[in-house]
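1. 3D, please:
(chains A and B)
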Amino acid sequence: MRPLAPTLSLLLAVFFMVLPPLAATVDDSHSLAMEAAMPYVEQGFIVREEYWNGEVKSGQLLVIKHQMFKGNEYAFWLGSSNKGVTFDLRVYDEKGEEVSIAGKTAANFSSIRVNPPRTGTYTLTFSLSSAKEKGLYWALAYGYR
Amino acid sequence: MSPTLPLLCCAATLAWPGLVSMATAQGTAKAKFPGEVVSAVVVPVPSEIFSVLDKLGEPNWQQEIGHGDLPKTGDRTRLALVFGCVVAEGFVAVQAQDKEAVKDIGRDVMDLATALGLIKSVRPHAQAILDAADQSDWPAIRREFDRTQKTVRDTMDEMRDGDLSQCVSLGGWLRGTASVTSIIGKHFSEDRAELLNQPMLVEHFLGAIDGMAKSTRKHPLLETIRGGLSGTLSEMNAAKGSFSREAVTKIGVTCKASLTAILGR
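-> Below is the predicted model of the structure:
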């Protein structure tokens, strides 16, 4: 068999070194968001399968535009697999007025509720802060009832 | 630059979905919220809107089921659009609590997944839909339709078929919106009509089509749909959240025209 070129060998080595821990970290953040969702599910919230995720610098504000429908109640769950993280998660209407109601916050997740006063586009803002780590993994999921 | 670095970046991106998300998280923030904009949009499933319509009255969901024969085609763009339509049809059937329709749709999901080469990923969900239909477990069926769509879109994204993934979402939104306009048209009220205030989603779909590869963007179906979406966006922007009966009808007719083009019926 022809040996792999050194560059390709290096590439494959890095690929497989990188894969397990990073994938696990992103998935863990989603698992923690789902842990935050559990009491809401018991109250009749339907959890959406699609969610947002990524890595962010500590303290960096992230902004998401999201469609919501008046008549539904929404809950958002932000999880992070990093330890010692503080969360700030809010939702604003089109005029910039905050419409979110704070929910439970624990060591690895935070949750909020929204009763949208109108049907339309809302702005979610959130940040994660840590004194120890610069890059923080996150996942944001939502449900409705 | 050495070719090794881009290759390494590519490998790391493949290995770590989170990097993909962050790659889309760069953008121009509005002055009101000076942060990084996460450009990924989560499109609501039809049942999010259907649940509000249920609270505002008791729509006859049975009348909204439009299940029929699937078009015979090997065109993957069309198949992806049809797939989205069929999953949305599943949400209508769940709302109607029509066990037989759900089963028919579950079988359509399998046929379409086979045609798209995604049956391995989709079969567990489709089987779960059929099993839950036997038990009339409507929340489980709703959850499985959502999972089916996510699995198909994720698999397409992994296969670098992001354009097809967008087509799945688009087909679902068109089918869901057609049902919503139909129900609002039959029982018009301002509260119901306000549910059509979705300009951000329409802009998202227009941007998605414009960002597709030329061969996909110029697909006759997508050109037809794009024209319809532009008109729908104008209606939504003109309504400013307060839709007239005529505006609802126009949006409904536009969605149905797109669905006729996709489904061939």
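
2. make it CA atoms for all contacts and neighbour counts henceforth
-> Fine.

3. now do the helices in the stretch 1-150 of chain B.
-> B:4-15, B:17-23, B:46-55, B:76-96, B:99-115, B:119-134, B:138-158 (DSSP state H, counting those that start in this stretch).

4. would you mind finding the most buried of those?
-> helix B:76-96 (a mean of 26; mean count of other C-alpha atoms under 10 Å in any protein chain shown).

5. packing partners of it?
-> helix B:46-55, helix B:99-115, helix B:138-158, helix B:162-186, helix B:245-263 (3 or more C-alpha pairs under 8 Å, 6 or more residues apart in numbering or on different chains; DSSP states H and E).

6. in the following helix or strand past the longest one, what's buried?
-> Once the chain leaves helix B:162-186, the next helix or strand it forms, by DSSP states H and E, is helix B:190-193. Neighbour counts using 16 or more other C-alpha atoms under 10 Å in any protein chain shown place B:191-193 of helix B:190-193 among the buried residues.

7. for these, which one is nearest B:T260?
-> Checking the buried residues of helix B:190-193 against B:T260 with C-alpha to C-alpha, the nearest one is B:A193 at 23.1 Å.

8. after the lowest-mean-pLDDT helix or strand in chain A, next one along is what?
-> In chain A, no helix or strand scores lower on mean pLDDT, DSSP states H and E than helix A:6-42, which sits at a mean of 73. Using DSSP H and E, the next helix or strand after helix A:6-42 towards the C-terminus is strand A:46-47.

9. name the residues that touch that next one?
-> A:37, A:41, A:141-145 (C-alpha atoms under 8 Å, 6 or more residues apart in numbering or on different chains).

10. could you give the average pLDDT over it?
-> In this model, strand A:46-47 has a mean pLDDT of 98.

11. can you check stretch B:254-261 too?
-> Stretch B:254-261 comes out at a mean pLDDT of 98.

12. and what of stretch B:77-86?
-> 98.

13. starting at the chain centroid, how far to that stretch?
-> What separates the centre of stretch B:77-86 from the centre of its chain is 9 Å, taken as C-alpha atoms, centre = their mean, to the nearest Å.

14. same thing with stretch B:175-182?
-> That offset, for stretch B:175-182, works out to 12 Å (C-alpha atoms, centre = their mean).

15. other residues contacting that stretch?
-> Taking C-alpha under 8 Å, 6+ apart as the rule, stretch B:175-182 contacts B:45-46, B:49-50, B:64, B:84-85, B:88-89, B:92, B:193, B:196, B:248-249, B:251-253, B:255-256, B:259.

16. return the residues of the stretch 51-200 of chain B in contact with chain A.
-> Residues of the stretch 51-200 of chain B lying near chain A by C-alpha under 8 Å from any C-alpha of the partner chain: B:51-52, B:55, B:143, B:146-147, B:150, B:194-200.

17. ok, now with 6 Å
-> B:52, B:147, B:195, B:197-198 (C-alpha under 6 Å from any C-alpha of the partner chain).

18. can I get those residues in TSV including pLDDT?
-> Below are these laid out as TSV (pLDDT from 0 to 100):
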residue	pLDDT
B:V52	98
B:R147	97
B:L195	98
B:N197	98
B:Q198	98
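
19. can I get these in a markdown table including distance to A:F109?
-> Below are those laid out as a markdown table (distance: C-alpha to C-alpha, whole Å):
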| residue | distance to A:F109 |
| --- | --- |
| B:V52 | 28 |
| B:R147 | 23 |
| B:L195 | 31 |
| B:N197 | 31 |
| B:Q198 | 30 |
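
20. widest-spaced pair of those?
-> B:R147 and B:N197 (25.9 Å).

21. which residues touch A:H66?
-> Residues counted as contacts of A:H66 (C-alpha atoms under 6 Å, 6 or more residues apart in numbering or on different chains) are A:121-122.

22. please report how far it lies from A:F76.
-> Note on A:H66: its distance to A:F76, by C-alpha to C-alpha, to the nearest Å, is 11 Å.

23. not counting its neighbours along the chain, what's nearest A:R118?
-> A:K70 (4.9 Å; C-alpha to C-alpha, 6 or more residues apart in numbering or on different chains).

24. low-confidence ranges in chain A?
-> By pLDDT under 70, the low-scoring segments of chain A are A:1-24.

25. make it 90
-> A:1-27 (pLDDT under 90).

26. A:Y142: what secondary structure?
-> strand (DSSP: H, G, I helix; E, B strand; the rest coil).
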